[in-house]
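In: okay, predicted coordinates and the sequence, questions at the end:
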Amino acid sequence: MFWYRNLIKVSTATKPKSPIITNLLLTALSHFSTANQAPVSPQLSGLGPTKPNEKPRVVVLGSGWAGCRLMKGLDPKLYDIVCVSPRNHMVFTPLLASTCVGTLEFRSVAEPIARIQPSISSAPGSYFFLANSTAVDTEKHEVHCETVTDGGDTLDPWKFKISYDKLVIASGAQASTFGIHGVKEHAIFLREVHHAQEIRRKLLLNLMLSDVPGISEEEKRRLLHCVVVGGGPTGVEFSGELSDFIRRDVHQRYTHVKEYIHVTLIEANEILSSFDDCLRRYAIKQLTKSGVHLVRGIVKDVKLENLILSDGLEVPYGLLVWSTGVGPSPFVNSLEFPKSPGGRIGIDEWLRVPSVQDVFSIGDCSGFLESTGKPVLPALAQVAERQGKYLANLLNKIAKNGGHANSAKDIDFGDSFKYKHLGSMATVGRFKALVDLRQSKEAKGISLAGFVSWIIWRSAYLTRVVSWRNRFYVAINWLTTFVFGRDISRI
């Protein structure tokens with residue numbers, strides 16, 4: 001380094017030579033040079049095992065409904081809480097579809113983990129690590145992790161280990177593509193805030209591109225054709241929000257292309273299959289009235305500008321949203337635990353992984369083993385939230401006598417986890433919604449549809465938003481959207 005050599009020459013020319021001074025100068029300057037530095041040791045570092053006189057450590061993998069409800073209920077006086085997740089917030093998924101079209105702002109559905117469990121950022125032994133879990137060593141009671149990086153131009157991921165006394169796997173699931181070619185490359189899922197941001201940017205970009213002179217009629221129709229694959233609650237609610245956006249905002253602010261934009265909802269079977277038959281017929285009627293084209297078919301292949309159904313029909317699209325359910329993630333598949341039907345981590349009645357000590361699993365990544373005689377619960381927010389609450393109470397109960405590693409073998413865990421379904425809700429746009437309060441599809445119960453159901457839907461979700469801050473955000477966003485319309489800025 002030229003400046004480095006000149007600096008050494010100046011220092012030795014103006015002062016008497018001193019080995020001590022020269023060595024100190026070389027040592028200090030070496031910190032600014034990367035040319036001759038020794039490579040970083042590949043040995044993994046991290047949090048070591050807790051001592052008997054220290055609080056036991058609960059490591060939570062994931063920051064979804066299950067993991068966040070668990071951390072909220074854990075007593076920080078009894079445990080050190082460590083969370084490992086690739087995101088530092090919880091997403092209020094029932095309102096995520098509303099953010100895609102500007103009904104709500106993105107921050108309204110994102111709750112920072114530090115607000116859910118303040119000890120994560122304040123207690124000496126509690127931490128949050130922005131990282132992915134890569135492996136679990138149940139013999140050593142260790143979790144192997146790798147930091148999250150943002151693109152290829154950032155630092156290489158740093159690997160580290162965390163020792164646990166109790167491990168809770170709540171890493172969730174990933175969107176199911178059923179192995180269909182082209183889905184991951186061309187479709188957008190709707191599970192995270194960045195998915196909603198991508199959908200919004202793509203939708204507004206297509207609206208503006210379609211207004212450029214020289215675009216053919218056929219290309220305008222393709223750019224403004226929004227296709228939703230999956231007729232579950234997420235797909236139906238997004239279709240309803242999108243139809244409202246088109247009817248109330250696009251027709252007023254994009255008058256040149258308003259006749260070209262339309263929405264198609266593709267479902268292999270029946271839409272909202274878990275809802276009452278009367279509610280499903282009402283949903284079909286309302287969506288059709290809102291301009292949503294319903295197509296029954298199975299997607300066979302997805303290309304850059306069109307998808308192909310099993311009957312050979314080609315459907316051109318400008319925006320493709322994929323919402324066909326969830327399946328186990330690669331991390332869950334890599335774990336050598338017994339699996340429940342569907343590939344989830346197998347658990348017993350107390351949400352434990354029975355084949356190993358001190359490991360629990362909750363949320364979409366877990367399911368009851370066949371030996372329990374219980375059915376695998378659906379991947380719903382209310383299931384995950386209820387499991388998180390139950391497990392938090394259970395761990396608080398056993399903290400004094402069974403909190404540390406390998407100390408809960410002979411402890412009575414008490415009552416097992418029992419789930420009672422509270423019902424389902426979905427909005428279909430145009431100030432209409434569905435409320436199904438039956439405990440199962442075969443059971444009898446109250447089913448409502450229409451404007452009153454829409455009021456119930458909004459009231460219920462407003463009260464379920466985690467913090468008062470976000471409740472205020474959601475209420476204000478709803479009010480401003482109603483008065484002034486949706487924000488169509490492409491940021």
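Out: Yep, it's here.

In: tell me how far the strand ranked longest in the chain is from the chain's mean position?
Out: Longest strand in the chain, counting residues (DSSP state E): strand 127-137. Relative to the mean C-alpha coordinate of its chain, strand 127-137 is positioned 16 Å out (C-alpha atoms, centre = their mean, to the nearest Å).

In: quick check: mean pLDDT across that strand?
Out: Over the span of strand 127-137, the pLDDT mean works out to 96.

In: next structured bit after that strand?
Out: strand 142-147 (DSSP states H and E).

In: name the residues that touch that next one?
Out: Residues outside strand 142-147 that contact it (C-beta atoms under 8 Å, 6 or more residues apart in numbering): 44, 46, 59, 61, 84, 129-137, 157-164, 167. Where C-beta positions appear, they are placed from N, C-alpha and C, glycine not excepted.

In: if any of the residues you listed are buried, give me the ChimeraX selection for them.
Out: Here is the ChimeraX command that picks out the buried ones among the contacts of strand 142-147, judged by 16 or more other C-beta atoms under 10 Å:
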select :59,61,84,129,131,132,133,136,159,160,161,162,163,164,167
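
In: hmm, back to that, strand partners of the longest strand of the chain, parallel vs antiparallel please.
Out: On the basis of DSSP bridges, the sheet neighbours of strand 127-137 come out as strand 80-85 (parallel), strand 142-147 (antiparallel).

In: list the helices and strands the next helix-or-strand element following the last one packs on?
Out: Scanning the chain past strand 142-147 towards its C-terminal end, the next helix or strand to appear is strand 159-163 (assignment: DSSP H and E). Secondary structure elements in contact with strand 159-163, counted by 3 or more C-beta pairs under 8 Å, 6 or more residues apart in numbering; DSSP states H and E, are strand 45-47, strand 127-137, strand 142-147.

In: follow-up on the earlier one: contact partners of the longest strand of the chain?
Out: Contacts to strand 127-137, defined as C-beta under 8 Å, 6+ apart, come from residues 47, 61, 82-88, 113-114, 120-121, 142-148, 159-160, 162, 167, 169, 171, 331, 334-335, 359.

In: repeat for stretch 190-209
Out: 87, 89, 91, 93, 96-97, 99-102, 106, 109-110, 174-175, 188-189, 215, 223-224, 226, 234, 238, 250, 254, 257, 261, 318-319, 321-323, 326, 488, 490.

In: sort out for me which of those residues are in helices.
Out: 96, 97, 99, 223, 234, 238 (DSSP state H).

In: circling back: of the contacts of strand 127-137, select the buried ones using a PyMOL command.
Out: Entered in PyMOL, the line below selects the buried ones among those, by 16+ other C-beta under 10 Å:
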select buried, resi 47+61+82+83+84+85+86+87+88+113+120+142+143+144+145+146+147+159+160+162+167+169+171+331+335+359
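
In: next up, the contacts around the nearest residue to residue 486 once chain neighbours are set aside.
Out: Once flanking residues are discounted, residue 486 sits nearest to residue 102: 3.6 Å by C-beta to C-beta, 6 or more residues apart in numbering. By C-beta under 8 Å, 6+ apart, residue 102 lies in contact with 200, 245, 249, 481, 486, 487, 488.

In: can you check residue 296 too?
Out: By C-beta under 8 Å, 6+ apart, residue 296 lies in contact with 266, 267, 268, 269.

In: same thing but at 10 Å, please
Out: 231, 265, 266, 267, 268, 269, 270, 271, 309 (C-beta atoms under 10 Å, 6 or more residues apart in numbering).

In: narrow those residues to just the buried residues.
Out: Neighbour counting by 16+ other C-beta under 10 Å classes 231, 265, 266, 267, 271, 309 among the contacts of residue 296 as buried.

In: what ranges do the helices span in the stretch 351-491 of the chain?
Out: For the stretch 351-491 of the chain, applying DSSP state H, counting those that start in this stretch gives helices covering 381-402, 451-464, 468-484.

In: of the ones you listed, which is nearest residue 276?
Out: helix 451-464 (12.0 Å; C-beta to C-beta).

In: next, find the distance separating the closest residue to residue 123 other than its chain neighbours from residue 204.
Out: Spatially, and ignoring its direct neighbours in sequence, residue 123 is nearest to residue 76 (5.6 Å; C-beta to C-beta, 6+ apart). To residue 204, residue 76 is 43 Å away according to C-beta to C-beta, to the nearest Å.

In: check residue 373 too.
Out: Distance from residue 373 to residue 204, by C-beta to C-beta: 51 Å.

In: ok, residue 173 next?
Out: Residue 173 sits 29 Å away from residue 204, going by C-beta to C-beta.

In: the strands in the stretch 201-350 of the chain, which residues?
Out: For the stretch 201-350 of the chain, the strands defined by DSSP state E, counting those that start in this stretch cover 225-229, 262-267, 292-296, 299-302, 306-309, 314-316, 319-322, 326-327, 345-347.

In: could you dump these into a markdown table and include mean pLDDT and distance to residue 472?
Out: Formatted as a markdown table, the strands of the stretch 201-350 of the chain follow (pLDDT from 0 to 100; distance: least, C-beta to C-beta, whole Å):
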| stretch | mean pLDDT | distance to residue 472 |
| --- | --- | --- |
| strand 225-229 | 97 | 31 |
| strand 262-267 | 96 | 31 |
| strand 292-296 | 96 | 32 |
| strand 299-302 | 97 | 40 |
| strand 306-309 | 96 | 41 |
| strand 314-316 | 96 | 41 |
| strand 319-322 | 97 | 29 |
| strand 326-327 | 93 | 31 |
| strand 345-347 | 96 | 37 |
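
In: can I get those in a markdown table including distance to residue 435?
Out: A markdown table is the format used below for those (distance: least, C-beta to C-beta, whole Å):
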| stretch | distance to residue 435 |
| --- | --- |
| strand 225-229 | 22 |
| strand 262-267 | 21 |
| strand 292-296 | 20 |
| strand 299-302 | 30 |
| strand 306-309 | 32 |
| strand 314-316 | 32 |
| strand 319-322 | 24 |
| strand 326-327 | 24 |
| strand 345-347 | 31 |
